[in-house]
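**Student:** Generate a structure from the sequence data that follows.
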Amino acid sequence: MYKAMDYEIKGKDIILSEPELDLDETLDCGQAFRWKKVWSEYQCTYTGSFVNEGLTISQLSRGVFRLHDTSEEKFLDIWADYFDLRTDYSELKKKFSEDETLSKACKYAGGIRLLRQNAWECLISFIISQNNNIPRIKGIIDRLCEHYGGVFPEAEQLISETPDSLSFLRAGFRSKYICDAAFRTASGDTDLKSIAVLSIDEARTELKKIKGVGPKVAECVLLYGMHRTEAFPVDVWIKRVLEEYYPGGFPEYISENAGIAQQYLFHYIRTCRNE
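**Tutor:** Take a look at the predicted model:
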């Protein structure tokens, strides 16, 4: 479902028209943890990073955005992919809306998009996310990046760390899992690029060899870090969706994009289940 992008260059900024994007719904829904909402003259503004490339992006009005101080080259090479701008979400939602519950969810939060994140950063982020809340997850990741000079450290940089040396993170039991993930990735025992192209079941098996990576974290890494849109993370909210609305199983015709559909359902069931 390819879609052409509508944008223009305005000085050092990019003005993007994309009616199927909302910054609050996309950047503050729990799929990524390095974005912060900041004060601005616009409807809303976020500052954040993809790996170690920073961006400030503002929503000027519904469907209109300003990417501040970035080149057309970076927009096309980095941010267009990150925000999945070449995928036609209007067509996806049209397909999803053949289902009554998904139709309501898509209408309620139609500006959600699936971010195409870095697999390594995503792996560490969702290891940190276990039994945690979003503000605390962001705090741990902030401390990790600050310790490494403001950048998200590669596995090779973390390989010498121990749970004790990572005590500054205040990540608790998760520190030992970060160390295991770093060792496996830096040593080549875990090859995230290779895992990304395995069959979905083989990829799940490989990811779960990392300490602390259970079914939910594995699904999150596959969906958010490897863009495997058939991956389907199940937490307490999605479990409730399945029990209440899909006791006979999730619609098969959506299976190849079940992870994207899950994003709409997750937001809907948490905040608007009675509408």
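**Student:** pLDDT below threshold where in the stretch 101-250 of the chain?
**Tutor:** Within the stretch 101-250 of the chain, not a single segment meets pLDDT under 70.
**Student:** Tell me the backbone dihedrals of residue 163, please.
**Tutor:** Torsion angles at residue 163 (phi, psi; degrees, to the nearest 10) stand at phi -50, psi -40.
**Student:** For the residue lying closest to it once chain neighbours are set aside, give its distance to residue 27.
**Tutor:** Excluding the flanking residues, the one nearest residue 163 by C-beta to C-beta, 6 or more residues apart in numbering is residue 175, at 4.2 Å. From N, CA and C alone the C-beta is placed, and that goes for glycine too. Using C-beta to C-beta, to the nearest Å, one obtains 27 Å as the distance from residue 175 to residue 27.
**Student:** ok, the residue nearest to residue 163 touching residue 168?
**Tutor:** No. Using C-beta atoms under 8 Å, residue 175 and residue 168 do not qualify as a contacting pair, with a distance of 9.8 Å.
**Student:** out of those two, which sits in the more crowded spot?
**Tutor:** residue 175 (23 against 12; other C-beta atoms under 10 Å).
**Student:** anything in contact with each of residue 175 and residue 168?
**Tutor:** Shared contacts of residue 175 and residue 168 (C-beta atoms under 8 Å, 6 or more residues apart in numbering): none.
**Student:** What is the burial count for residue 160?
**Tutor:** Residues near residue 160, counting by other C-beta under 10 Å, number 11.
**Student:** List the residues that contact it.
**Tutor:** Per C-beta under 8 Å, 6+ apart, neighbours of residue 160: none.
**Student:** Show the residue spans covered by the helices in the stretch 1-150 of the chain.
**Tutor:** For the stretch 1-150 of the chain, the helices defined by DSSP state H, counting those that start in this stretch cover 23-27, 72-74, 80-82, 89-96, 100-108, 119-128, 134-147.
**Student:** how far away is residue 122 from residue 155?
**Tutor:** Noted for residue 122: a distance of 13 Å to residue 155, by C-beta to C-beta.
**Student:** Residue 67 against residue 60, yeah?
**Tutor:** No. The pair residue 67 / residue 60 is not scored as a contact, 11.0 Å apart, by C-beta under 8 Å.
**Student:** Could you pull up the residues touching residue 233?
**Tutor:** Going by C-beta under 8 Å, 6+ apart, residue 233 touches 216, 219-220, 223, 259, 262.
**Student:** Of those, which is the nearest to residue 88?
**Tutor:** residue 259 (16.6 Å; C-beta to C-beta).
**Student:** so the closest one is in which element?
**Tutor:** Counting by DSSP states H and E, the element that carries residue 259 is helix 258-271.
**Student:** Just the C-alphas of that helix, formatted as CSV.
**Tutor:** Taking C-alpha atoms only, helix 258-271 is exported to CSV below (Å, rounded to 0.1, in the frame of the first residue of the first chain):
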residue,chain,number,x,y,z
ALA,A,258,-2.4,-7.3,12.9
GLY,A,259,0.3,-5.3,14.7
ILE,A,260,-0.8,-2.1,13.1
ALA,A,261,-4.5,-2.9,13.9
GLN,A,262,-3.4,-3.6,17.5
GLN,A,263,-2.2,0.0,17.8
TYR,A,264,-5.6,1.4,17.2
LEU,A,265,-7.3,-1.1,19.5
PHE,A,266,-4.8,-0.5,22.3
HIS,A,267,-5.5,3.2,22.3
TYR,A,268,-9.2,2.7,22.0
ILE,A,269,-9.7,0.2,24.8
ARG,A,270,-7.5,2.3,27.2
THR,A,271,-9.1,5.7,26.6
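**Student:** List the contacts of that helix.
**Tutor:** Contacts of helix 258-271 (C-beta under 8 Å, 6+ apart): 25, 29-31, 92-93, 96, 101-102, 104-106, 108-109, 112, 114, 219, 222-223, 228-233, 235, 237-238, 240-241, 250, 254.
**Student:** what ranges do the strands span in the protein?
**Tutor:** 6-10, 13-17, 36-38, 44-50, 53-61, 64-68 (DSSP state E).
**Student:** Adjacent strands (with direction) for the second one?
**Tutor:** What it means is strand 13-17. strand 6-10 (antiparallel), strand 64-68 (antiparallel) (DSSP bridges).
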